[in-house]
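Trainee: A predicted structure for the sequence below; I have some questions about it.
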Amino acid sequence: MIRGTLPLLALLFSITGCTTIQLEPLPEGMTEQPPAEWAAHSDKLTRFNHWLLSGKLAVKQPSDSGTAVINRWQQRNESYELALSSSFLGMGSTQLKGVPGYIQLTMPNGDHYQSSEPEKLIQAATGWQLPIDNLTWWIKGLPAPDGDFRLLFDEQNKLAILEQDGWEIRYDRWQPFIETLPELPARITALKGDKRVRVVISRWQRED
């Protein structure tokens, strides 16, 4: 294990009983009414479509749990490339490349797999249920363009919860990573039934 990762891994799994929040009625201090600046905020983030980030990924589900280092997640419009490394599940160094509706997976032994069903391929190869197509939007604090969604804002007018495609995405922390942009998510937690995906982001970078 890389030196210095233990405190962060402990943080990732500190909330072992994490469950969805009761949203009917709305929790105190939350509203479905977008703040006045939401349209401009979401427009800036929608146009922020060439970026690079790094951080940690933690998956918890009934069958197994594990963590991975996101060495590199590069997004260029709809095209993404992820370089993950993990000692769990035999993943080692794993590469994911794709666009919505298509993914290519390269395993540590060099084997290549491709599929028109990204989530099914990731689950078959790693055992993890990872909503990768939607996650490329959720990670910026935006709903995916396809499908209904629900947004809840907190007392600071920040997006607190996004519901879409059966997932509840909680925005646990925002930070000002890039000077010309609004604050970006520094930690998100996505929940669906007894499955949880948590992403802790240490760096956002604009790529032109």
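Mentor: Nice, I can see it. Numbers count the residues shown, from 1 in each chain.

Trainee: all contacts plus neighbour counts: C-alpha atoms, from now on.
Mentor: Fine.

Trainee: where do the strands sit along the chain?
Mentor: Taking DSSP state E, the strands of the chain run over residues 50-60, 65-76, 79-86, 92-99, 102-106, 112-115, 149-153, 159-164, 167-175, 184-192, 195-206.

Trainee: measure how the fifth one sits relative to strand 79-86, angle-wise.
Mentor: Here the directions of strand 102-106 and strand 79-86 differ by 30 degrees (axes from the mean of the first three to the mean of the last three CA atoms, to 10 degrees).

Trainee: partners of strand 102-106, with directions?
Mentor: Here strand 102-106 is paired, per DSSP bridges, with strand 92-99 (antiparallel), strand 112-115 (antiparallel).

Trainee: for stretch 59-79, how far is the first residue from the last?
Mentor: In stretch 59-79, first residue to last residue: 23 Å (CA to CA, to the nearest Å).

Trainee: what comes up buried for it?
Mentor: In terms of neighbour count (16 or more other CA atoms under 10 Å), stretch 59-79 has its buried residues at 59-61, 65-70, 72-75, 79.

Trainee: per-residue confidence averaged over that stretch?
Mentor: Mean per-residue pLDDT for stretch 59-79: 90.

Trainee: one more: stretch 101-121?
Mentor: Stretch 101-121 comes out at a mean pLDDT of 91.

Trainee: C-alpha coordinates for it, PDB please?
Mentor: The C-alpha coordinates for stretch 101-121 follow below in PDB (Å, rounded to 0.1, in the frame of the first residue of the first chain):
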ATOM      1  CA  GLY A 101     -22.700   3.200 -24.800                       C
ATOM      2  CA  TYR A 102     -19.200   1.800 -25.400                       C
ATOM      3  CA  ILE A 103     -16.200   0.900 -23.300                       C
ATOM      4  CA  GLN A 104     -12.800  -0.700 -23.700                       C
ATOM      5  CA  LEU A 105     -11.200  -2.300 -20.700                       C
ATOM      6  CA  THR A 106      -7.500  -3.300 -20.400                       C
ATOM      7  CA  MET A 107      -6.700  -5.500 -17.500                       C
ATOM      8  CA  PRO A 108      -3.300  -5.700 -15.700                       C
ATOM      9  CA  ASN A 109      -2.300  -8.800 -17.700                       C
ATOM     10  CA  GLY A 110      -2.800  -6.900 -21.000                       C
ATOM     11  CA  ASP A 111      -6.100  -8.600 -21.900                       C
ATOM     12  CA  HIS A 112      -8.500  -6.300 -23.700                       C
ATOM     13  CA  TYR A 113     -12.300  -6.400 -23.500                       C
ATOM     14  CA  GLN A 114     -14.900  -4.200 -25.200                       C
ATOM     15  CA  SER A 115     -18.700  -3.900 -24.900                       C
ATOM     16  CA  SER A 116     -21.700  -1.700 -25.800                       C
ATOM     17  CA  GLU A 117     -22.800  -2.100 -22.100                       C
ATOM     18  CA  PRO A 118     -20.100  -0.400 -20.000                       C
ATOM     19  CA  GLU A 119     -21.600  -1.200 -16.600                       C
ATOM     20  CA  LYS A 120     -22.000  -4.900 -17.300                       C
ATOM     21  CA  LEU A 121     -18.500  -5.200 -18.600                       C
END
